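sequence and predicted structure below; questions after.
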Amino acid sequence: MAASTSFWPDGRQGAVSLTFDDGTPNQLATAVPLVQEHGLRGTFYVCPRGDDFEERCAPWRGVSGAF
């Protein structure tokens, strides 16, 4: 039997992908701090809709790349 090699670093056995849809304000207040507190990374999908899109995106620019 051939020795197996792990695809994942440091002998880990898998990964979890965290994604958050629609960029709602509660994600900024709740999800972003929790993800940061636990040293995790997340992907937040902010939908480009509405006349105030630029204004709604402003707080997200502050957390972009913070992970």
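Great, that's in hand. Numbers count the residues shown, from 1 in each chain.

pretty sure Pro48 sits in a strand.
No. Pro48 sits outside any strand when classified using DSSP: H, G, I helix; E, B strand; the rest coil, being coil.

quick check: pLDDT value at the residue nearest in space to the middle of the chain.
In the chain, the centroid-proximal residue (C-alpha atoms, centre = their mean) is Gly42; its distance is 1.4 Å. Per-residue confidence (pLDDT) for Gly42: 82.

thought it was touching Gly23?
No. Applying C-beta atoms under 8 Å, one finds Gly42 not in contact with Gly23, separated by 11.6 Å. Glycine gets a C-beta too; all of them are placed from N, C-alpha and C.

which intervals of the chain have sub-threshold pLDDT?
The model of the chain has pLDDT under 70 over residues 1-5, 66-67.

in it, which helix is the longest?
Using DSSP state H to define each element, the chain has its longest helix at helix 53-63.

what are the buried residues along that one?
Neighbour counts over helix 53-63 (16 or more other C-beta atoms under 10 Å) mark Arg56, Val63 as buried.

alright, that wraps it up for me.
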